[in-house]
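S.K.: please work out how this folds:
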Amino acid sequence: MDGAKEDHEVRISRLEEDLIQQTCFAGEMWDRVQDLENHSKRNNIRVLGIPEGVEGNGVSGPALLLTVLWDCLPLDAADSIEVERAHHTLGPKPSPDQRPRPIIARLLHFQDRERILRLAREAGELCWRGRRIMIFPDMSRELVVQRKLFTPVRHRCMELGLRYALQYPAVLWVTIDSRKRRFEDPEEAIQEMNHLLDQNRKGERPQPQRESLRERQWQTVGQKNSGLFVLPPSSRGKPKQPTRFSPT
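M.R.: This is a model prediction of the structure:
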């Protein structure tokens, strides 16, 4: 029994070590798969808000997308954007009262994709045929969820007036006191922003005025003396002499 117990303990220790190695290896492989998937979407954009069936007959997806971009964005006449393909996401066609499916478009050049995203960001709100249009970079679902965790931190940076940038894959850079801070953990970033917000609130807290304190002291003296009422000194000039009167 003792020999079998020692043998089992050795085997369990080896299995635990192998499990740790396999877990690390699986995590590295998952990161590589995610990186490959997002690099395959490097030239893609995701357009939301275009109604279903507006292209009509004889109008392809790339032609419809170019029409929307030229109508919504301040593109120069010399800009030539080449769209390889554009199509709705896979899934059943929604009813007219439901939200239309997003359009995934792949551009030929990466520079065109960056220029479209920059113009859409600078324009703020985009409208096409009375509908709101939104343009985003196309990413994997897992990366979208990971980047969305930084949304409260970004809002807090806006409140504090700090410059920030969310870089690929999900790294937040914040400029604090002319120094750039790098955050990969959303919890750590929000704790740092809350600490800065508390410091700013303490610095903006109004201090009590000396004149108001002096006035309260003079009023207290006047209340204690039953037959004597003392007026508080004026904020300008010399203080006035106390006036005596008989209580009624």
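
S.K.: could you pick out the longest helix of this structure?
M.R.: Across the chain, the helix with the greatest residue count (assigned by DSSP state H) is helix 2-40.

S.K.: show me what that helix is packed up against.
M.R.: On a contact count with 3 or more CB pairs under 8 Å, 6 or more residues apart in numbering; DSSP states H and E, helix 2-40 meets helix 141-148. Placement of C-beta: from N, CA and C, glycine included.

S.K.: residues contacting the helix it packs on, please?
M.R.: Helix 141-148 is contacted by residues 34, 38, 139, 166, 169, 170 when judged by CB atoms under 8 Å, 6 or more residues apart in numbering.

S.K.: tell me how far the nearest residue to the fifth one once chain neighbours are set aside lies from residue 198.
M.R.: Here the nearest residue to residue 169 in space, its sequence neighbours aside, is residue 143; by CB to CB, 6 or more residues apart in numbering that works out to 5.8 Å. Distance check for residue 143 against residue 198: by CB to CB, to the nearest Å, it reads 32 Å.

S.K.: so for the two, which residue has more residues nearby?
M.R.: More crowded of residue 143 and residue 198, by other CB atoms under 10 Å: residue 143, with 18 against 10.

S.K.: quick one, helices of the chain?
M.R.: Using DSSP H, helices in the chain cover 2-40, 61-72, 110-123, 141-148, 151-160, 186-204, 210-224.

S.K.: of all these, which one is nearest residue 100?
M.R.: Closest approach to residue 100 among the helices of the chain (CB to CB): helix 61-72, 12.5 Å.

S.K.: now the angle between helix 110-123 and the closest one, please.
M.R.: 40 degrees (axes from the mean of the first three to the mean of the last three CA atoms, to 10 degrees).

S.K.: what does helix 61-72 rub up against?
M.R.: 47, 50, 54-55, 75, 81, 83-87, 103, 105, 116, 120, 123, 126-128, 133.

S.K.: now do stretch 88-105
M.R.: Contacts for stretch 88-105 (CB under 8 Å, 6+ apart): 44-52, 61-62, 65, 83, 85-87, 138.

S.K.: what do you get if the cut-off is 10 Å, keeping everything else the same?
M.R.: 41, 43-54, 61-62, 64-66, 68-69, 81, 83-87, 113, 116, 131, 134-136, 138 (CB atoms under 10 Å, 6 or more residues apart in numbering).

S.K.: which positions in it come out as buried?
M.R.: 88, 100, 101, 102, 103, 104, 105 (16 or more other CB atoms under 10 Å).

S.K.: what's residue 84 in contact with, if anything?
M.R.: Residues in contact with residue 84, defined by CB under 10 Å, 6+ apart, are 43, 44, 62, 105, 106, 107, 108, 109.
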